[in-house]
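Q: How does the following fold in three dimensions:
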Amino acid sequence: MKTLEEPPKHAIFILATTEKHKIIPTILSRCQIFDFNRIGVSDISGYLEFVAKSEGVQVETEGLNVIAQKADGAMRDALSIFDQIVSFSGKTITYQDVIGNLNVLDYDYYFKLVSQFLKNDVPEVLLTFNEILNNGFDGHHFITGLSNHLRDLLVCKNAETVQLLEVGGEIKERYRVQAQSTESSFLLESLLISNECDMQYKQSMNKRLLIELSLIRIAQLTLKKK
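A: Sure thing, here's the model as predicted:
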C-alpha cells in the first residue's frame, strides 16, 4: 500500500479493473483514469476484414459480422474465433462456414418465422421450430435469438434508432424490408412474449411446450386485428 501511495519516480503502475468504485479513495485520487468500452460490432468486423486480407483469406462480410457479434465486444476473442474458423475452413470462408462452426442459427429461420407469424400460420411456425430442434439447436438458444431478431426489427422502425442495428450488407437490407411489413405494436407484444418465455425457460418442466405456446401466442397477435 505504501508503494502505491508514494511510488518511486521511475515506476508507473497500471491498474485494470471493472470495479473502479472498490479502489480506495487515497489510491484513486492519485490515478489518471481511462474508461474503456466494449468494441462495437462494426469496428471488430472491420478489423477482421483487414486481418483476413493481410493473411490472404477470403471471407464473406456476413460471416465476419457473426464472429464480431459472438465476440461480444472483445477483439481478442474475435481473433481467436477467426483463427479457429480458418483452421477448419481454410482460406475461403463463407457465412455458412461461420454459423456451422459456431453453432449459430441462420438468420433465415427468424425471417421465415416472422413472415409466418404475420400470416397467422401456426402449423408452419411449429414445423419450422421442429426443424430447428432437429438440427441440434437448443430451445433456449432459439428463443433468445428470436428476441434479438424482434428487437432488431423494432429498432429498424425508426430512423433515429436504426444505428443500433449491428449487422451489415444484405442482412441489413432484409431487416429494413421486413421491418416495413410489421407494426411496432406487434413487435413490442412479440418481444414481451418471447422475453417472458426466456425468463420461464429454466424453471419449465416441459420446455418445448413452453416455447411452442409462446410461438402460437405470437402468431395469433395479428389474428386479433382481423
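Q: And the residue nearest the centre of the chain, how far from Leu210?
A: Centroid check for the chain by Cα atoms, centre = their mean gives Gln69 as the closest residue, at 5.2 Å. From Gln69 across to Leu210, the span is 26 Å (Cβ to Cβ, to the nearest Å). Using the backbone N, CA and C atoms, a C-beta is placed for each residue, glycine as well.
Q: related to what we said a few turns ago, pretty sure the residue nearest to the centre of the chain is in contact with Val41, am I right?
A: Yes. Counting by Cβ atoms under 8 Å, Val41 is a contact partner of Gln69 at 5.7 Å.
Q: Find residues that contact each of the two.
A: Common neighbours of Gln69 and Val41 (criterion: Cβ atoms under 8 Å, 6 or more residues apart in numbering): Glu166.
Q: Now tell me which helix or strand of this structure has the poorest mean pLDDT.
A: Every helix and strand of the chain was ranked by mean pLDDT, DSSP states H and E. The lowest is helix 2-5, at a mean of 71.
Q: Tell me the first helix or strand C-terminal of that one.
A: helix 25-28 (DSSP states H and E).
Q: and stretch 172-190, how far out from the chain's middle?
A: 17 Å (Cα atoms, centre = their mean, to the nearest Å).
Q: Also stretch 57-75?
A: Mean-position distance between stretch 57-75 and its chain equals 11 Å (Cα atoms, centre = their mean).
Q: In that stretch, which residues are buried?
A: Under the neighbour-count criterion of 16 or more other Cβ atoms under 10 Å, stretch 57-75 has 57, 59-60, 62-71, 73 buried.
Q: picking that back up, tell me which other helices or strands the least confident helix or strand of the chain touches.
A: On a contact count with 3 or more Cβ pairs under 8 Å, 6 or more residues apart in numbering; DSSP states H and E, helix 2-5 meets helix 25-28.
Q: helices or strands next to the helix it packs on in the packing?
A: Other elements packing on helix 25-28 under the criterion 3+ Cβ pairs under 8 Å, 6+ apart are helix 2-5.
Q: Could you list the residues in contact with the helix it packs on?
A: Ala11, Phe13, Thr26, Ile27, Arg30.
Q: can you rerun that using 7 Å?
A: Phe13, Thr26, Ile27 (Cβ atoms under 7 Å, 6 or more residues apart in numbering).
Q: how much space between the residue nearest to the last one when sequence neighbours are not counted and Gly56?
A: This points to Ile27. Excluding its sequence neighbours, the residue lying closest to Ile27 (Cβ to Cβ, 6 or more residues apart in numbering) is Leu4, at 5.6 Å. Taking Cβ to Cβ as the measure, Leu4 falls 47 Å from Gly56.
Q: So between these two, which is more surrounded?
A: The neighbour comparison of Leu4 against Gly56 (other Cβ atoms under 10 Å) goes to Leu4, with 15 against 7.
Q: domains in this protein, as residue ranges please.
A: Here the domain assignment for the chain is 41-102, 107-225, based on automatic domain parsing.
Q: Name the member of the contacts of helix 2-5 with the most neighbours.
A: The most crowded member of the contacts of helix 2-5, judged by other Cβ under 10 Å, is Ile27 (13 neighbours).
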